[in-house]
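Enquirer: can you look at this prediction? I've put the sequence above it.
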Amino acid sequence: MSSVLGFARRSWYILNPPAAAKSSSPLQFGILGAADIAPSALIEQAKSHADVVVRIVAARDPNKAKAYARKHGIPDVAETYQGVLDNPEIDCVYIPLPNGLHFEWALRALKAGKHVLLEKPSVNNTEEAEALFRSPLVDGPKPPVLLEAAHYVFHPAWSTFMSYVTPGEVASAKAVMWVPRLMFSADNIRFRYDLGGGALMDLGAYTASALTRVFGAVAEACEECTTQAASYDSRCDQRYKARYRFPGGGRGEMEGDLKAPLDRLSPDLYVTLRPVVLSDTDAGIDVPEGHEVVRTRKIKFANFVMPSILHSIRIDDEFSLRNIEGKAEVKRWTSSKTVKTYSFREAGTDQPGEPHWLTYRYQLEQFVNKVRGREVPQWVSGADSINTMRMIDMAYDAAKLPLRPTSKYLETQKNT
């Protein structure tokens, strides 16, 4: 009953986030693009943050921007994206544009001295990722903040999950993500190659980044990738299944589908760790002389992408007491538990947060901390974002599909 009440309470506050009194000088945010994701990813989350105000929005169609601003209570509208960047009162820019426009406008925003919260996937390919995240603009003593919005990383459930994972001991991992088939129309931007569409781009940004974090490294190679082409553009994948080889022999798999059957809803993450010899303390039993205890661990993180709604982390351990000399097994037993973490307090960590906070709200907390020069316990580094794009590009190469096109704006920067 308590879990049902907890779910109901979280759901109510997610839909009705309590407003915070604003600080005397909050960070002023601008939004490039009247995107569907912005209300949940930023606008609603800003209401409960004392140091954030969403001030201005721009869209390709100024009339659409005006209607969007009225609907979401945004005070100002700019005629163009550049108009947001030229506004001296704007501190930070959120960029939820189509992927194919991310590189150009993120770089333009950094040039304007704005801190950038960039929707995932960060860019179209590895070349763009390296040019953006290794740009001199994000180097130096006090550069603008640039963050790819891999929001799941900031939730306490992810930290709890990783507390059971030792990257160097991972034997295999699998990340899966499904989107119901009725969610996106056939001509959605996710199926347009020129805008950086494709399931690997949209869903792979989650599954690929999850694998690199679990293994603590980028894959050495994508050994196989099969895809199903989107009906709108055959260069775009609607579904994918990829298999990777990681350093040390680890095996990683990921699957995603933008037109999934309705019985596939939960984005899940599975991890199997290699057998490890435990210390007597960790074994939890009195280990006889000349013997050792070996543990093999499996973990399933259900709904790792949006754990604020509902999630579970199941840890299944198998133990073997064996003779050290001959490795003969004396005894075998198992232990299982399921944990759920909706706030850092529940995890025993002294960090702000409420059970109803979405992953986006936890992300905003750390983004603001970074901008303000405070400690950031969770972060997505530029190297993390580059590695995610490397994983995606590897998969496209293995599937014999073209990489998403490089921005023409990158070529203009090479010549300046």
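Expert: Arrived safely. Numbering: from 1, shown residues only.

Enquirer: going forward, measure contacts and count neighbours with C-alpha atoms only.
Expert: Noted.

Enquirer: show the model's pLDDT score for Thr416.
Expert: Thr416 carries a pLDDT score of 65 in this model.

Enquirer: and for Val371, the neighbour number?
Expert: Residues near Val371, counting by other CA atoms under 10 Å, number 19.

Enquirer: how about the strands in the stretch 1-150 of the chain?
Expert: 27-32, 52-58, 76-77, 92-95, 115-118, 146-148 (DSSP state E, counting those that start in this stretch).

Enquirer: state the mean pLDDT of the fourth one.
Expert: On average, the pLDDT along strand 92-95 is 98.

Enquirer: other SSEs contacting it?
Expert: strand 27-32, helix 102-111, strand 115-118 (3 or more CA pairs under 8 Å, 6 or more residues apart in numbering; DSSP states H and E).

Enquirer: mind listing residues that contact the next helix or strand after the first one?
Expert: Spelled out, it's strand 27-32. Counting by DSSP states H and E, the next helix or strand C-terminal to strand 27-32 is helix 38. Residues outside helix 38 that contact it (CA atoms under 8 Å, 6 or more residues apart in numbering) are Pro96.

Enquirer: one step back: please name whichever of the helices and strands packed on strand 92-95 is nearest to Ala150.
Expert: The closest of these to Ala150 is strand 115-118. By CA to CA, the value is 9.2 Å.

Enquirer: how about the closest one as PDB, C-alpha atoms only?
Expert: This file holds the C-alpha atoms of strand 115-118, laid out as PDB (Å, rounded to 0.1, in the frame of the first residue of the first chain):
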ATOM      1  CA  HIS A 115      25.900  28.600 -21.000                       C
ATOM      2  CA  VAL A 116      24.400  25.800 -23.000                       C
ATOM      3  CA  LEU A 117      22.100  23.000 -22.000                       C
ATOM      4  CA  LEU A 118      22.000  20.900 -25.200                       C
END
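
Enquirer: how far away from the center of its chain is it?
Expert: Averaging C-alpha positions (CA atoms, centre = their mean, to the nearest Å) puts strand 115-118 15 Å from its chain's average.

Enquirer: that strand pairs with which strands?
Expert: strand 92-95 (parallel), strand 146-148 (parallel) (DSSP bridges).

Enquirer: of all the strands of the stretch 1-150 of the chain, which one is nearest Ile299?
Expert: The minimum distance between Ile299 and the strands of the stretch 1-150 of the chain falls on strand 146-148, with 26.5 Å, by CA to CA.

Enquirer: domain parsing for this protein?
Expert: 2-151+402-414, 153-344+382-399 (automatic domain parsing).

Enquirer: just the mean pLDDT for the longest one, thanks.
Expert: It refers to domain 153-344+382-399. The model assigns domain 153-344+382-399 a mean pLDDT of 95.

Enquirer: can you add mean neighbour count and give the strands of the stretch 1-150 of the chain back as a markdown table?
Expert: Output for the strands of the stretch 1-150 of the chain, formatted as a markdown table (neighbours: other CA atoms under 10 Å):
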| stretch | mean neighbour count |
| --- | --- |
| strand 27-32 | 24 |
| strand 52-58 | 25 |
| strand 76-77 | 20 |
| strand 92-95 | 27 |
| strand 115-118 | 25 |
| strand 146-148 | 24 |
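
Enquirer: Thr281: which of those strands is closest?
Expert: It's strand 146-148; of those, that one is closest to Thr281 (CA to CA) at 40.4 Å.

Enquirer: sorry, back to before: let me have the helices and strands packed on strand 92-95 in TSV, extended by distance to Pro39 and mean pLDDT.
Expert: Output for these, formatted as TSV (distance: least, CA to CA, whole Å; pLDDT from 0 to 100):
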stretch	distance to Pro39	mean pLDDT
strand 27-32	11	98
helix 102-111	19	98
strand 115-118	14	98
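
Enquirer: which residues in the stretch 151-300 of the chain form strands?
Expert: Under DSSP E, counting those that start in this stretch, the stretch 151-300 of the chain gives strands at 170-180, 221-229, 237-245, 251-260, 268-273, 276-277, 291-302.

Enquirer: closest one to Pro141 among the ones you listed?
Expert: Of those, nearest to Pro141 by CA to CA is strand 221-229, at 35.4 Å.

Enquirer: and that closest one, which strands flank it?
Expert: Strand 221-229 has these strand partners (DSSP bridges): strand 237-245 (antiparallel).

Enquirer: contacts for the strand it pairs with next, please.
Expert: Residues contacting strand 237-245 (CA under 8 Å, 6+ apart): 191, 198-200, 219-230, 251-259, 395.
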